[in-house]
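> sharing a sequence plus its predicted fold:
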Amino acid sequence: EAGVAQSPRYKIIEKRQSVAFWCNPISGHATLYWYQQILGQGPKLLIQFQNNGVVDDSQLPKDRFSAERLKGVDSTLKIQPAKLEDSAVYLCASSLGPHGSPLHFGNGTRLTVT
Amino acid sequence: GESVGLHLPTLSVQEGDNSIINCAYSNSASDYFIWYKQESGKGPQFIIDIRSNMDKRQGQRVTVLLNKTVKHLSLQIAATQPGDSAVYFCAEKGGATNKLIFGTGTLLAVQP
């Protein structure tokens, strides 16, 4: 099966600019996740969708981050305005359901904010 | 590519030896555990999972052991190969939040 697709692969922006990331999950996976991975650390959950509804966004900095999954398939994550500390890899993952099934990750978008 | 293994605990093994990577998890209510492998420039790759009603599960060349009494998880890799070099993360899920929480990660370096 095709894996989780993400684009772009790399992005370099200046602070205060905006940026958007796109994710296409594995076909049939109802649950979609966005994680942030800072260099040298494990991924940290930003937001979890079940179909097109938000299940958990408690760790999403909502003053600058937003995400949507309008049709329950693809998802976009946006940062506006970006800060230097947003430099990280943004990983999208999907799973069949929210309980007891492994998450499958894409290769991420590496964001550098200068 | 840029390594995700900076400042991580490192396990160095000889090719052909067995590797054991350990992980202490935090939430006694966690009921599902996953090991991931992350190579430089790539996303975490699923290796093996285990539910809390089991204490051992085997895959191809890998075994996961779960000790709920001391909240400890380990990943054993048999006959370690150079391609096994990567950062390994354990992750736990369950409890009130049901979020998948990742541990710190261990860099496995396989010497030829």
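The structure has been received and is ready for your questions.

> distance check, B:Lys71 against B:Ser26.
Using CB to CB, to the nearest Å, we find B:Lys71 at a distance of 7 Å from B:Ser26. The way it works is simple: take the backbone N, C-alpha and C, and place the C-beta from them, glycine included.

> look at the two and report which has more neighbours.
Comparing B:Lys71 with B:Ser26 by other CB atoms under 10 Å in any protein chain shown, the one with more neighbours is B:Lys71, at 15 against 10.

> and the pLDDT for the closest residue to that one other than its chain neighbours?
Counting by CB to CB, 6 or more residues apart in numbering or on different chains, B:Lys71 lies nearest to B:Tyr25, which is 5.1 Å off, once chain neighbours are set aside. Listed pLDDT for B:Tyr25 reads 91.

> any idea which element the residue nearest to the spatial centre of chain A lies in?
The centroid of chain A falls nearest to A:Trp34 when counting by CA atoms, centre = their mean (2.9 Å). If you go by DSSP states H and E, A:Trp34 is part of strand A:31-37.

> list the pairing partners of that strand within its sheet, with orientation.
Strand A:31-37 has its sheet partners listed here by DSSP bridges as strand A:44-50 (antiparallel), strand A:88-95 (antiparallel).

> the helix or strand of chain A with the lowest mean pLDDT and chain B in contact?
Lowest mean confidence among the helices and strands of chain A (mean pLDDT, DSSP states H and E): strand A:53-56, at a mean of 92. Yes - on the criterion CB under 8 Å from any CB of the partner chain, strand A:53-56 is in touch with chain B at A:Asp56.

> quick one: contacts of the very next helix or strand once past that strand?
With elements assigned by DSSP H and E, the helix or strand that comes after strand A:53-56 is strand A:65-68. Residues from elsewhere that reach strand A:65-68, judged by CB atoms under 8 Å, 6 or more residues apart in numbering or on different chains: A:Trp34, A:Leu46, A:Ile47, A:Phe49, A:Asp57, A:Leu60, A:Ser75, A:Thr76, A:Leu77, A:Lys78, A:Ile79, A:Gln80.

> noted, bye for now.
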